[in-house]
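Undergrad: quick one: sequence and predicted model below, then my questions.
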Amino acid sequence: MKNFVHETVRMGTNVSIGYFSVIEEGVVLGDNVTIGNNVTIHAGTVIGSDVFISDNCVLGRWPKPAKSSTVKVDAELAPLTIGDGTTIGANTVLYRGSAFGQEVMIGDQASVREKCTIGDRVVIGRGVAVENQVEIGSFTKIQTNAYITAYTTLEERVFIAPTVTTTNDNFMGRTKERFKFVRGPRVKRGARVGGGSILLPGVTVAEESFIAAGALVNKDTEAKKLYVGVPARVLREVPDGELLENQE
């Protein structure tokens, strides 16, 4: 059998489906959707028009935590939604309960968990892991192999360089007391975080902050300042010419 497409699937015009793909009940496909080989689209997933889905993707997967996990699965998770013009790289896994805006680019082998909200024209690079309940604003870019922990907020036009690590738990899973304090970082509009940097739980990276490569951010930053080192400290002001307000 070439493919399995459930009889309840609503399919727009000019939809192309590769070999050995499975599309479950209630899926909605817009116009001009391209689906690669060996793709699984789980029940209820809604995909807009002009979307390109590469080979071996899994879309709309239900979360299934380990028995020891503290994450509780919401039986009422909304279907995964993918906005118009989005491109999804090979071997990508996107969970049910998340919503993607228009013209998002998702690189190969990326993963986005449940209850995430992703704005328009976001770039999620190759191998990026986005955990549950993350908010990502429009025009934000997350580069290769970055780790975005649960309960993180990245506002609009944020830049996250390769292998950046965000964290949300100062207790590292040892005590029940930690549940009151688990909180990911908040990276505000226009901030830039350099390669290999680490953001500790609950820190706020202010608007237009520039975090240099390899820095360890252990407290809130000030707007328009450049931070370096372990722990991160102010080096200088961000030049006016680099600020969003002065970009064409």
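TA: Thanks, I have the structure now. Treat the numbers as computed from the prediction; the structure is a model and nothing was measured.

Undergrad: who touches the worst-scoring helix or strand of the chain on mean pLDDT?
TA: Using mean pLDDT, DSSP states H and E, strand 4-5 stands out as the lowest-scoring helix or strand of the chain, at a mean of 94. Contacting residues not belonging to strand 4-5 are listed as 11, 17, 21-23 [CB atoms under 8 Å, 6 or more residues apart in numbering]. Where C-beta positions appear, they are placed from N, C-alpha and C, glycine not excepted.

Undergrad: now stretch 187-200: mean pLDDT?
TA: Taken as a whole, stretch 187-200 carries a mean pLDDT of 98.

Undergrad: I'd say G85 and G48 touch.
TA: Yes - the pair G85 / G48 is scored as a contact, 7.3 Å apart, by CB atoms under 8 Å.

Undergrad: give me the common contacts of those two.
TA: Jointly contacting G85 and G48 under the rule CB under 8 Å, 6+ apart are Q102.

Undergrad: and the contacts of strand 4-5 as a markdown table, adding pLDDT, distance to L94 and neighbour count?
TA: Compiled in a markdown table, the contacts of strand 4-5 are given as follows (pLDDT from 0 to 100; distance: CB to CB, whole Å; neighbours: other CB atoms under 10 Å):
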| residue | pLDDT | distance to L94 | neighbour count |
| --- | --- | --- | --- |
| M11 | 97 | 19 | 16 |
| I17 | 97 | 18 | 21 |
| S21 | 97 | 15 | 21 |
| V22 | 97 | 15 | 16 |
| I23 | 98 | 15 | 25 |
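
Undergrad: ok, so of these, who is nearest W62?
TA: V22 (14.6 Å; CB to CB).

Undergrad: what sits against that closest one?
TA: Residues near V22 by CB under 8 Å, 6+ apart: 3-4, 39-41.

Undergrad: same thing with T87?
TA: 51-52, 54, 104-106.

Undergrad: would you quantify the distance from it to K224?
TA: Using CB to CB, to the nearest Å, T87 is found at 33 Å from K224.

Undergrad: right, and C57 touches V93 too?
TA: Yes - using CB under 8 Å as the test, C57 is close enough to V93 to be in contact (7.3 Å).
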